[in-house]
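need a structure here:
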Amino acid sequence: MTPPRNPTDARIVLASGVLLGVVGLVSTALQHPTLVGIDLQVYYFAAKAALAGGDFYAVSPPMHPQYGYVYPPISILFFYPFGLLGSWQAAFAAFTLLNVAAALGVAVLLVRTIEERRPEPLPRLDRGLVAGFCLLSLHSASTLLYGETNFLLLLALVAGFRWLDRNRGVASGVAFALPAFVKLFPAAVGVWLLRERAWRAVAAATATGTGLFALSVAAFGVESHLTYVEVAILPRLSSAEFAGGLPAGTAMLTLRRPISVALPGLNPSLYGPLAFALLAPAVGYCYRDVSGAVDRLVAVFATMAAIVLGFPSLLLYAVFLVFPLVPLLYLLERSPARNLFVAGAFVANFAVTLANVRSALAGTTFEGLLGVLRPVLTLGTPTLYGTVLMLAGCLCWARRSSVRRT
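Now for the predicted structure:
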């Protein structure tokens, strides 16, 4: 069998993602205007403080005093040009242009990944849908709205995977190291590098990360790095917020949520290991045979899904799944595995929490649905359920491929 030529189900997933993203972007900007550029404001005021010789970990945006800079010290150099602009609004406009360019760059790489495995190019409609999904899905729209760095880091990750497939180990290792250095959790991509025995990539990633850290210490001193550990690394390692069950309104995409709700009396430090213990067999099964092009994409998706589900990821981190989610929508053959994967991708588009649904249904004839939805949305989010469904589709594909080759 071959993949569907112009799959309608893929178009539905992408189009619905764009529609939900546009609605979410506009409604959030209108109802909560102070959230516009919230992350960029953190970067902007931190960069201004650093340029003035101050402690950039000690400053916060005037409108959001509860937030502060949480990236490694040397990363502040990237934000210096934005700190030189006259206002955070001007910096946000410039950063938005950069984000748009990065998102479209990701879209180009996704289209190339698909077309390299198809006998003919994608129609313009599908290219447009891929670009729109990368830029404006509900997961992507939050990155634009807040002025986050996810698009830039995602571009590096996608480039890393593509370079790895082209035996450009050093380039891929450097590309993988950058998002890992900034946000830490992407370092788990190293599991895939080990599976591939991509020793050059492992060495390049290790050397790049170590070199950046050494350069950071030399430029900013030990004290700033101790502060970084205190304000950024230790809170990320903490599981205190899961104690007694993660609150239903928390916008997090992680398997630790249902575990904490189902086992509220368990020591919170065990939620993470338990989540990874549940995910490891699925990833290992998808790693069994990666001889085919689609098999490799399935294994990569299992890797990325395990990363966002295993770590205490925010909902907006679902954007890191677009590769290889989007290529698989076009490349999986018609089968139960495809049906599961497409259904999961559609469900995952609804990046909402119980608080969002309660607000949307308040005062409407559908408000009574909250009684049914409350336990479902307390245990997880649609994005969590959808990602688990896609992972199940990957397992079905891996089993099907294994049976077919025996």
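
Kindly tell me how buried the spatially closest residue to T250 that is not a sequence neighbour is, as a neighbour count.
Leaving aside its sequence neighbours, T250 sits nearest to T353 (C-beta to C-beta, 6 or more residues apart in numbering; 6.9 Å). All C-beta atoms are positioned from the backbone trio N, CA, C, and that covers glycine. By other C-beta atoms under 10 Å, 21 other residues sit near T353.

and L340, what does it touch?
For L340, the contacting residues are 389-390, 392-393, 396, by C-beta atoms under 8 Å, 6 or more residues apart in numbering.

how much space between it and T387?
According to C-beta to C-beta, to the nearest Å, L340 stands 12 Å off from T387.

Likewise for F151?
Plainly put, F151 is 20 Å away from T387 if you go by C-beta to C-beta.

I'd assumed L253 was in contact with the residue nearest to T250.
No. Contact criterion C-beta atoms under 8 Å: T353 and L253 do not qualify, at 10.3 Å.

and for those two, which residues touch both?
Contact with both T353 and L253 is made by residues 315, 381, according to C-beta under 8 Å, 6+ apart.

thinking again about what came up before, return the closest of the contacts of L340 with respect to G21.
Distance to G21, by C-beta to C-beta, is smallest for M390 among these, at 18.4 Å.

where's the closest one relative to N6, distance?
Taken as C-beta to C-beta, the span from M390 to N6 is 21 Å.

hmm, back to that, out of F151 and T387, name the residue with the larger neighbour count.
Legend: neighbour count by other C-beta under 10 Å for F151 and T387, higher for T387 (28 against 23).

Report the contact partners of the more buried one.
Applying C-beta under 8 Å, 6+ apart to T387 gives the contacts 253, 305, 308-309, 318, 321, 344, 348.

Okay, buried residues for the longest helix along the chain please.
Criterion DSSP state H: the longest helix present in the chain is helix 199-228. Residues of helix 199-228 classed as buried by neighbour count (16 or more other C-beta atoms under 10 Å): 200-202, 204-205, 208-209, 212, 216, 220, 224-225, 227-228.

got those as a markdown table, with pLDDT and distance to G147 columns?
A markdown table is the format used below for the buried residues of helix 199-228 (pLDDT from 0 to 100; distance: C-beta to C-beta, whole Å):
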| residue | pLDDT | distance to G147 |
| --- | --- | --- |
| R200 | 97 | 35 |
| A201 | 97 | 31 |
| V202 | 97 | 33 |
| A204 | 97 | 30 |
| A205 | 97 | 27 |
| T208 | 97 | 26 |
| G209 | 96 | 25 |
| L212 | 96 | 23 |
| S216 | 96 | 23 |
| F220 | 95 | 23 |
| S224 | 94 | 23 |
| H225 | 93 | 25 |
| T227 | 93 | 23 |
| Y228 | 93 | 21 |
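
Which two of those residues have the greatest separation?
Largest separation among these by C-beta to C-beta: R200 and T227, giving 34.5 Å.

Tell me how far G272 lies from L85.
Between G272 and L85 the distance is 39 Å, computed by C-beta to C-beta.

nope, G363 is what I was after
For G363 relative to L85 (C-beta to C-beta), the value is 42 Å.

same thing with L25?
Distance of L25 to L85, given as C-beta to C-beta: 23 Å.

show me where the stretch 251-400 of the chain has helices.
Secondary structure of the stretch 251-400 of the chain by DSSP state H, counting those that start in this stretch: the helices cover 256-262, 271-286, 293-310, 322-331, 336-348, 354-361, 370-379, 382-405.

Identify each buried residue in the longest one, please.
Neighbour counts using 16+ other C-beta under 10 Å place 382-398, 401 of helix 382-405 among the buried residues.

ok, now the fifth one?
Within helix 336-348, the residues that qualify as buried are 337-338, 340-348, counting by 16+ other C-beta under 10 Å.

quick check: mean pLDDT across it?
Averaging pLDDT along helix 336-348 yields 97.

And for the longest one?
Helix 382-405 carries an average pLDDT of 88.

got the angle between that helix and helix 271-286?
When axes from the mean of the first three to the mean of the last three C-alpha atoms, to 10 degrees is applied, the directions of helix 382-405 and helix 271-286 differ by 30 degrees.

report the angle between the axes of helix 382-405 and helix 293-310?
150 degrees.

Specify the angle between helix 382-405 and helix 354-361 in degrees.
Using the same axes, to 10 degrees: helix 382-405 against helix 354-361 is 110 degrees.

same deal with the second one?
Interaxial angle, helix 271-286 versus helix 354-361 (the same axes, to 10 degrees): 90 degrees.

and for helix 271-286, what are the contacting residues?
When contacts are defined by C-beta under 8 Å, 6+ apart, helix 271-286 is touched by residues 191, 239, 242, 254-256, 259-260, 263, 266, 298-299, 301-303, 305-306, 309-312, 391, 394-395, 398-399.

Only whichever of those residues are buried, select them in ChimeraX.
Buried residues within these, by 16+ other C-beta under 10 Å, are selected in ChimeraX with:
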select :191,239,242,254,255,256,259,260,266,298,299,301,302,303,305,306,309,310,311,312,391,394,395,398
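
Show me which residues of stretch 158-171 are buried.
Neighbour counts over stretch 158-171 (16+ other C-beta under 10 Å) mark 158-165, 168-169, 171 as buried.

farthest pair in those residues?
Greatest spatial distance among the buried residues of stretch 158-171 (C-beta to C-beta): V158 and G169, at 16.5 Å.
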